[in-house]
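no sequence on this one, just coordinates:
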């Protein structure tokens with residue numbers, strides 16, 4: 001974002017904060033049009049770092065949400081440059097979304113039992129093994145969780161789900177391979193015993 005664009009956006013933010021309620025929407029929309037391409041680039045970059053690739057419609061939608069979030073918390077009395085503020089709040093908004101998705105309720109034993117036929121114990125046994133796998137995964141450190149996921153995916157027959165995340169963990173490649181090998185043994189034990 002060049003200096004002239006930054007100044008234009010800053011002036012629009014000031015106008016937005018000062019103007020009457022009837023004019024706010026028009027100024028806000030004008031500001032969004034000025035910043036839209038940059039916010040979309042930021043979202044695309046942040047998402048691709050996480051291994052997510054969004055469609056154009058998803059980028060448009062998220063850009064509006066991130067823009068509104070950043071605009072809401074912009075303080076004119078602080079001397080934070082517009083791009084820095086909007087980028088930081090875009091990143092923060094996207095991470096808030098990730099955390100809320102992770103906190104979605106996991107099925108517990110009673111949910112699983114409701115799904116099962118009381119006369120069919122095989123289904124319950126399969127679900128209980130999956131629950132043990134999930135519990136094991138939740139109790140290991142984050143870097144090891146990524147290796148655990150790799151090990152689990154590598155045991156599946158389809159190649160489309162396989163991801164090599166060795167660059168995402170803070171281990172040497174031989175240590176990563178050794179941990180993956182150990183996790184495969186643990187997964188086999190938890191599923192097949």
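Nice, I can see it. Predicted model only: the values in this text are computed from it and were never measured.

I'd like the distance between residue 177 and residue 155.
Counting by CB to CB, to the nearest Å, the gap from residue 177 to residue 155 is 15 Å. C-beta: built from backbone N, CA, C; applies to glycine.

let me fix that: residue 68
Where residue 155 is concerned, residue 68 sits at a distance of 43 Å (CB to CB).

Repeat that for residue 14.
57 Å.

What residue spans form the domains of the chain?
3-102, 109-192 (automatic domain parsing).

Could you check how far the helix ranked longest in the chain is from the centre of its chain?
Longest among the helix segments of the chain by residue count, using DSSP state H, is helix 21-49. Relative to the centre of its chain, helix 21-49 is centred 20 Å away, using CA atoms, centre = their mean, to the nearest Å.

avg pLDDT for that helix?
Helix 21-49 comes out with an average pLDDT of 88.

Please point out which parts of the host helix or strand of residue 147 sit buried.
Following DSSP states H and E, one finds residue 147 within helix 142-154. The neighbour-count check on helix 142-154 (16 or more other CB atoms under 10 Å) flags 144-154 as buried.

pLDDT weak spots in the protein?
By pLDDT under 70, the low-scoring segments of the chain are 97-129, 157-167, 192-193.

ok, 80 please
1, 22, 50, 76-80, 96-132, 143, 153-170, 189-193 (pLDDT under 80).

how about the helices in it?
Secondary structure of the chain by DSSP H: the helices cover 3-18, 21-49, 56-72, 82-102, 109-115, 121-138, 142-154, 173-192.

which one of those is the most hemmed in?
helix 142-154 (a mean of 18; mean count of other CB atoms under 10 Å).

What is it packed up against?
Contacts defined by 3 or more CB pairs under 8 Å, 6 or more residues apart in numbering; DSSP states H and E place helix 142-154 against helix 121-138, helix 173-192.

what about 6 Å?
helix 173-192 (3 or more CB pairs under 6 Å, 6 or more residues apart in numbering; DSSP states H and E).
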